[in-house]
Every structure is written in structure tokens, then in C-alpha cells.
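[1] quick check, what structure comes out for this input:
(chains A and B, ligands or ions: 2)
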Amino acid sequence: MATLRISDIRKKLGGNDILNGINVDLEDGDFLVLLGPSGCGKSTLLNMIAGLETIDSGEVRIGDRVVNNVHPRDRDIAMVFQSYALYPSMTVAKNITFGLQRRGASKAEQAAALDHVAGLLQIKPLLNRRPAQLSGGQRQRVAMGRALVRDPKLFLFDEPLSNLDAKLRGEMRTEIKRLHQRLGSTIVYVTHDQVEAMTLASHVAVMKNGAIQQYGEPQQIYERPANMFVAGFIGAPAMNFVPCVLTQNESGQYCATITQPDDLRTKIELVLPTGNTDLSARLGTDLILGIRPEGITRAPSGADDTGSFDLVVDVVEPTGADTMVVFNLGSKEVTARLSPKDVVPAGQSMRFQFKMNEVSLFDPDTTNRIEMGE
Amino acid sequence: MLDTSALPGRRSIGQIIGRITIYAMLLIFATYYLMPLFVMLSTSLRPLAEIKSGSIIALPREITFDAWVKAWGQACIGTKCDGLSPHFWLTLKVVVPSVIVSTVLGMINGYALTKWRFKGANLVFGLMLFGCFVPYQAILLPMAQTLGTLGISNTPLGLGLVFTLYGIPFTTLFFRNYYVSIPDDLIKAATIDGAGFFATLWYIIVPLSPPIIVVTVIWQFTGMWNDFLFGAAFSSGAGQPVIVALNNLVNTTTGVKEYNVDFAASIIAAIPTVFVYVVAGKYFIRGLTAGSVKG
Ligand SMILES: Nc1ncnc2c1ncn2[C@@H]1O[C@H](COP(=O)(O)OP(=O)(O)O)[C@@H](O)[C@H]1O
Ligand SMILES: [Mg+2]
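    Numbering: from 1, shown residues only, chains lettered A, B, ... in the order given. Ligands and ions are numbered 1, 2, ... in the order given. Predicted structure coming up:
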């Protein structure tokens, strides 16, 4: 177990900037998820922490040691690969103990460590098989066993679950979480799956084009996304972005005013929870209102609260527990996640309400978040 | 497998004729290809007098191994009459180490070129590939000079060196093309596990390599064993490899042409390559078609 500090890491590959100044600071026992779309540089960053890629500039520090020039073998790390990378010619037992053997552990030490890990991951019956004779989930477990057996300071996972089917992925996710709670290890975990990030992470770094877009706790990133990219990447269905104009009503409250394209006279005026923030400089300018599907509810009939309005339901998509209701607002399709009992059939009108304390506001030019409240 | 005879509907006359035609063709071609071997074998077992008195294509009336004994130990090659055997052993002594060394070096090259990519790896590979296309004739003179400078002209070591050097581009190509399909993650995992260049090669890569090793060994062995040009150019007298010696044996006449001895000598010279194919042939096909390595 150890801390990890990454300072201003940069990397060029084949003339392209792959990483542009990455900073990360992890405490002992933290679970960092690097989240981002394919090709954004997550694996490159992980490989640099592992020592499998050289570092152009910047510094990686594991514990109190700068490891830039330390061989991967000597960094006291273990890694789980997306492809599992099990040695095809070796049995499961050999796969798991290979690292110990290479480090000169005695037969007895190897056997004891193997026994412990095989018990932890419940793979004792598989120890004499070869990787080709295992199912995907079993290979995944063996790959984890190979990482766990050395009890390293730092665990690195590169999309370890993305080759599993949905059900198994859920199970293994829970298992990884349980292992982390039990062992208290420091983990860096790469994924493009925001659900994995939300469920596993103590900290998430959302990446795009080789830069961290936002770094923070999962709930914070979910509730206060730093820009429209992060807002759109976290959460499913994705956050709705509705163009609006910043106005002020008679009582001086800031409002997001949405114009319906088919009926220019209908203006929907939503009071923003701006607290005592001064937005006067932006009055009259175009903004983007971000609202999550779960931030939209059905208004109690006859309610005339701020933030409720009547609209025609366009499409209804039941998913079982919740039903997605799509309607048009400000020339955008907007999805609401409603309880099935609240849903009216497509083509009928219903009264929606925005939970205004959950909305985000973005600048359409920079796509950055505009802070409100407090 | 689908049993076509059990399918509904009756067989037509046309189908039956088609079947017969296929088998007839197969039989004709098999006979055609086996005929030379058969003639060689039967002639080598006949006494010379019998061959002279009758047709060359005939079954032996009287079987004798005299021609084999002579070809192996007494036939004259040039002025020496020790048969093919000294050349046979000499060739084995040259070819076996050359096959081993060129295969091992090809393996290390292929591994380094695919899994430990260094700056200029592509250029190095390109140059090596070029080595496959350099015509044999082009290197005869420079090689003769090199051997002379090294003082190993007309020695088994010299010939072995030529075989090994000329073999390395091919073995490198084989191993390199096989190893590109082995996932790089295996190397990364082994590196983190603490295995270096040679430990990774030995514990991870070599156990995955038998198919391509077999292909390379067969290719190298038959190529070197059957070589004529290098043998003729870089050796003489007792230093000649078996194929060159065979040629000289056939050309050395003492009046009568001894067909039975010539044929026996030819078969003796061919036996090792046939042996290698029979022992490793099924792996040969498997190795040529094997592509990906399943994790
Ligand atoms: N050896 C390389 N040469 C040039 N570009 C590379 C090389 N390896 C990776 N890249 C590029 O770096 C970017 C980041 O790759 P990677 O870290 O694997 O992304 P991720 O894991 O987030 O999907 C990709 O755009 C990829 O094309
Ligand atoms: Mg990746």
C-alpha cells in the first residue's frame, strides 16, 4: 500500500501529444478510476505508472520514491490486463506464482501465497488447468490472482472487465469492490464504463484527448460536472442539454428562459438556484441548461410551481424499473426518467417539473460549467 | 460429418460415374508421381547384369544389396573409392549445427523485432528481408574471400558458416511473422513479473513456438542438405557435402555405367530429408497454417 503522486506527466508518441500534463494525487487506500473514451490516453498513462512506457517529462512518485527510472519489476506494482495476458503454456498455478518464482521466493512461500490467493478468489479447483481451458470469468479471476499474490504497493487495472458479458461484469465489479474494502490497497483502474467508475472509485479522473477534464469524488463529478463533456459522459441516459437565455424575473431572480421553436410566444421560465451569485454580466446571453433525466419528475396536477410546464410526450421507453419519456424542449429532445405509474401514453400532454436545485449551467462557447449557489 | 449416402433421394448414374472418374484420376497421378521412386528402388536392388540384359523398368528377378553396399562404402568419387558414407557423415556434421544455430538466432531475432521494438527495428527487418532475395550467385566471390581470410576454406566449419549466415534471413522472417500474432500484453505481464529478455523468451515465448520451430527446422534442413551450389563452390575432395559427392559419383565412370549403384546412392542421399518430413511433416502443415495464439 502506498501513495501515488503524478506531477505534470507528458508524453508524445509518433509525433502526437498523447498526454498533456497529467496531475494526480492519491492517498493510501484510494481507488482512482481513469475514465474516458477510447483513445484518450488512459492506457498510456497506466503504462507509464507501471514503467512499461517511458516518461517524456514530469514525475511519478510511488510512496516516497520517484520511479521515473525504476524498472517495472522493481516498482512493487501489479497489473491486470484487458486481455488478461495469462501465459498460455503455463497452468493456472504457474501463472500465479511466476512472479514470485522470478523474484526468488522459495517453493514453500510460493505454495502458501498461492493457497491464500486461490482461496480468496475461489479458484482452487482450477489450479492445474491451462488458460485455454477456462471461461472468460475464470481467466479474469486468475489474472486478478496473479496480481494479488505478490501483495504489491499499487494495483493497476486496464479495463479488466470489458471482455466479460454484462452479468459477469456486474458480479466481478462487486467482487473487486469487496477485495478493495478488505485489502485496503491503492488502486488505479482504467475504464470507459461510467458505471464502473461510479460504483468503484473513491476518486475519478475524467480524461479526454490526453488531459484530465475533472478530478474528484464520483458523486461530486455526477452532481457538479466541470464541463459539458464530463456531464455528457457520466450518467445514463446522458444529461439533457437545453439552450436557454439568462433573464431576470420581476422579483429579481435569475431565470433560464427556454423558447419553444413551434410556438415562439411560449416561453418557459425556470428560476435558477443562483443563491447570491452575481450573473448580471451574462444577462441576455445564450446558455446551456443541463438537467439529468432523473432530475425531471411529473408535477402534481394543478401545481403551479416555478419550473413546471405542460408538454406533449413524444416517445415512451419502458425499461422495467423506470420509464424513459422523451419530449421536445427548446428544439432539443429531452429524456426524463419517470416512475412507470406517472407516465402518460405518447401523444398526450403531461406536466413536467425540473428539480431546479439539481440543474447545471454551461457556457456554450467554452462548454465550461457556470457556478451557481452557495 | 455429413454422410451423403444417407441423404434422401437416390444416387444417379452420373454421380457414380463422377466418383469413378475421381478415383481413376487420383490413381493415375499417384502412380505417375511414385514411378521414379519405384524405378530407382527396384533398379538399385537388381544386379548390373540383369539391368543390362533387360528393360530398365522391371521388377528385380533376383534381389541383391550389393549396389547399396558399394554406394555406401566402395564406389569411386574422383580418385577415392570410399563410397558416399564419409560425405554423408560430413554433411550431417555440417547441417545439424547449422540448422540449430540459424534457427535459434532466427528465433531471437524474430522475438526482438516484434516484442522488444527498438528504434530502427523496421529498417533492420527490411535489410534482413533483403537478405532473402539476394541471389546465391552474388555472394559466392565475397564469401570465398571471407572464408579464405578466416582460414576456414574447404572445412566443415566454413561451409556451416555459409549455410548459417544465408539461413538467418529466412529463419528471422519465419519467427518474426509468427511472433507478431503473440499478444504484446504477455511480454508486459512477464516484465512486471520480473522476467527479462531471455527469461521471457525461455518461459513464455519458446513454449508457444513448437509449430514454427518445426517449420523452420524442416525448411533449413532440406535446404542445406540439398544444397549444391555452396557445396560445389566452397569445398573440394573429401570436404564435399553429400549432394556434390553424389553428382561426382555418378559422373565418375570406370567403363560401365552402374545404374544400380547410382540409384542406391541417390536414395541414400535423399533419406535424411525424407526422414525429417515423415517425423515432423504433420507439424509442418500445422505450423504453416497456425496463426493466432489463444490466451
Ligand atoms: N506507439 C504509438 N504510436 C503512436 N500513437 C500511439 C501509440 N500508442 C498509442 N498511440 C495513440 O495514443 C492514444 C492513446 O492511446 P491509449 O492510451 O491506448 O488510449 P486508451 O487506453 O484511452 O484507449 C491513441 O490515440 C493511440 O492511437
Ligand atoms: Mg486502453
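
[2] contacts, neighbours, all on C-alpha from now
    Will do.

[3] ok, now which ones touch A:V195?
    A:G235 (Cα atoms under 8 Å, 6 or more residues apart in numbering or on different chains).

[4] what strand or helix carries it?
    Assigning secondary structure by DSSP states H and E places A:V195 in helix A:194-200.

[5] same check, this time on B:R11
    Judged by DSSP H and E, B:R11 forms part of no helix or strand.

[6] on that earlier part again, neighbouring strands - and their directions - for the helix or strand following the helix holding A:V195?
    Counting by DSSP H and E, the next helix or strand C-terminal to helix A:194-200 is strand A:203-208. Applying DSSP bridges, strand A:203-208 is found paired with strand A:31-35 (parallel), strand A:211-216 (antiparallel).

[7] how far does the helix holding A:V195 sit from its chain's centre?
    5 Å (Cα atoms, centre = their mean, to the nearest Å).

[8] mean confidence (pLDDT) on the biggest helix by length in chain A, please.
    Longest helix in chain A, counting residues (DSSP state H): helix A:166-183. The pLDDT scores in helix A:166-183 average 91.

[9] got it, and stretch A:12-23?
    Per-residue scores along stretch A:12-23 average to 92.

[10] nearest residue to the middle of chain B?
    Nearest to the mean C-alpha position of chain B, counting by Cα atoms, centre = their mean, stands B:T222 at 1.1 Å.

[11] list the contacts of A:K153.
    A:K153 touches A:1-2, A:76-77, A:185-186, counting by Cα under 8 Å, 6+ apart.

[12] and these near chain B, which?
    Contacts with chain B are made by A:I77 out of these, judged by Cα under 8 Å from any Cα of the partner chain.

[13] next step: the contacts of A:K153 restricted to helices.
    Going by DSSP H, the helices hold none of these.

[14] looking at the contacts of A:K153, which one is closest to A:A118?
    Nearest to A:A118 among the contacts of A:K153: A:S185, at 18.1 Å, using Cα to Cα.

[15] nearest spatial neighbour of that closest one, skipping sequence neighbours?
    Leaving aside its sequence neighbours, A:S185 sits nearest to A:G29 (Cα to Cα, 6 or more residues apart in numbering or on different chains; 4.8 Å).

[16] ditto for B:L90
    B:P241 is the one closest to B:L90 (Cα to Cα, 6+ apart), at 6.6 Å.

[17] surely A:I18 is in contact with A:N209?
    Yes: with contact defined as Cα atoms under 8 Å, A:I18 reaches A:N209; the gap is 7.1 Å.

[18] quick one: which of those two has more around it?
    A:I18 (20 against 17; other Cα atoms under 10 Å in any protein chain shown).

[19] from the chain's centre, how far out does the helix or strand containing A:Q219 sit?
    In the assignment (DSSP H and E), A:Q219 maps to helix A:218-223. Taking Cα atoms, centre = their mean, one finds the center of helix A:218-223 at 10 Å from the center of the full chain.

[20] avg pLDDT for that helix?
    On average, helix A:218-223 scores 96.

[21] would you mark the buried spots in it?
    A:218, A:221-222 (16 or more other Cα atoms under 10 Å in any protein chain shown).

[22] could you say what helices and strands that helix packs with?
    Under the contact criterion of 3 or more Cα pairs under 8 Å, 6 or more residues apart in numbering or on different chains; DSSP states H and E, helix A:218-223 touches helix A:194-200, strand A:203-208.

[23] ok, then the element right after that helix?
    Sequence-wise, the next helix or strand downstream of helix A:218-223 (DSSP H and E) is helix A:228-233.

[24] which residues sit against that next one?
    A:36, A:194, A:206, A:213-214, A:221-222, A:225, A:238-239, A:362, A:367-369.

[25] if we use 6 Å, what do you get?
    By Cα atoms under 6 Å, 6 or more residues apart in numbering or on different chains, the list of residues contacting helix A:228-233 from outside reads A:225, A:238-239, A:367.

[26] please apply the same query to stretch A:344-352.
    So stretch A:344-352 is contacted by A:297-299, A:308-315 (Cα under 6 Å, 6+ apart).

[27] hmm, try it at 10 Å
    By Cα atoms under 10 Å, 6 or more residues apart in numbering or on different chains, the surrounding residues in contact with stretch A:344-352 are A:296-304, A:307-317, A:325-327, A:336, A:342-343.

[28] if we can go back for a sec, distance check, the residue nearest to A:S185 against chain B.
    According to Cα to the nearest Cα, to the nearest Å, A:G29 stands 21 Å off from chain B.

[29] tabulate the contacts of A:K153 (JSON lines), appending neighbour count.
    Below are these laid out as JSON lines (neighbours: other Cα atoms under 10 Å in any protein chain shown):
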{"residue": "A:M1", "neighbour count": "21"}
{"residue": "A:A2", "neighbour count": "20"}
{"residue": "A:D76", "neighbour count": "19"}
{"residue": "A:I77", "neighbour count": "24"}
{"residue": "A:S185", "neighbour count": "21"}
{"residue": "A:T186", "neighbour count": "23"}
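
[30] kindly reformat the contacts of A:K153 as a markdown table containing distance to ligand 1.
    Formatted as a markdown table, those follow (distance: Cα to the nearest ligand atom, whole Å):
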| residue | distance to ligand 1 |
| --- | --- |
| A:M1 | 24 |
| A:A2 | 24 |
| A:D76 | 22 |
| A:I77 | 19 |
| A:S185 | 23 |
| A:T186 | 20 |
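
[31] so what's the residue nearest to B:L90 up against?
    B:P241 makes contacts with B:84, B:86-95, B:156, B:159, B:224-228, B:230-232, B:235, as judged by Cα under 10 Å, 6+ apart.

[32] out of these, which are buried?
    B:84, B:86-88, B:90-92, B:94-95, B:156, B:159, B:224-228, B:230-231, B:235.

[33] tell me the residues of the stretch 101-250 of chain A that contact chain B?
    Counting by Cα under 10 Å from any Cα of the partner chain, the positions of the stretch 101-250 of chain A adjacent to chain B are A:101-103, A:130-134, A:139, A:143, A:146-147, A:150.

[34] got a markdown table for the residues you listed, with pLDDT too?
    What follows is those, written out as a markdown table (pLDDT from 0 to 100):
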| residue | pLDDT |
| --- | --- |
| A:Q101 | 95 |
| A:R102 | 95 |
| A:R103 | 93 |
| A:R130 | 93 |
| A:P131 | 93 |
| A:A132 | 91 |
| A:Q133 | 91 |
| A:L134 | 93 |
| A:R139 | 94 |
| A:A143 | 95 |
| A:R146 | 95 |
| A:A147 | 94 |
| A:R150 | 90 |
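
[35] quick one: which of these is most hemmed in?
    Counting by other Cα under 10 Å, top hit in those: A:R146 with 30 neighbours.

[36] how about the residues of the stretch 151-300 of chain A near ligand 1?
    Counting by Cα under 6 Å from any ligand atom, no residue of the stretch 151-300 of chain A lies close to ligand 1.
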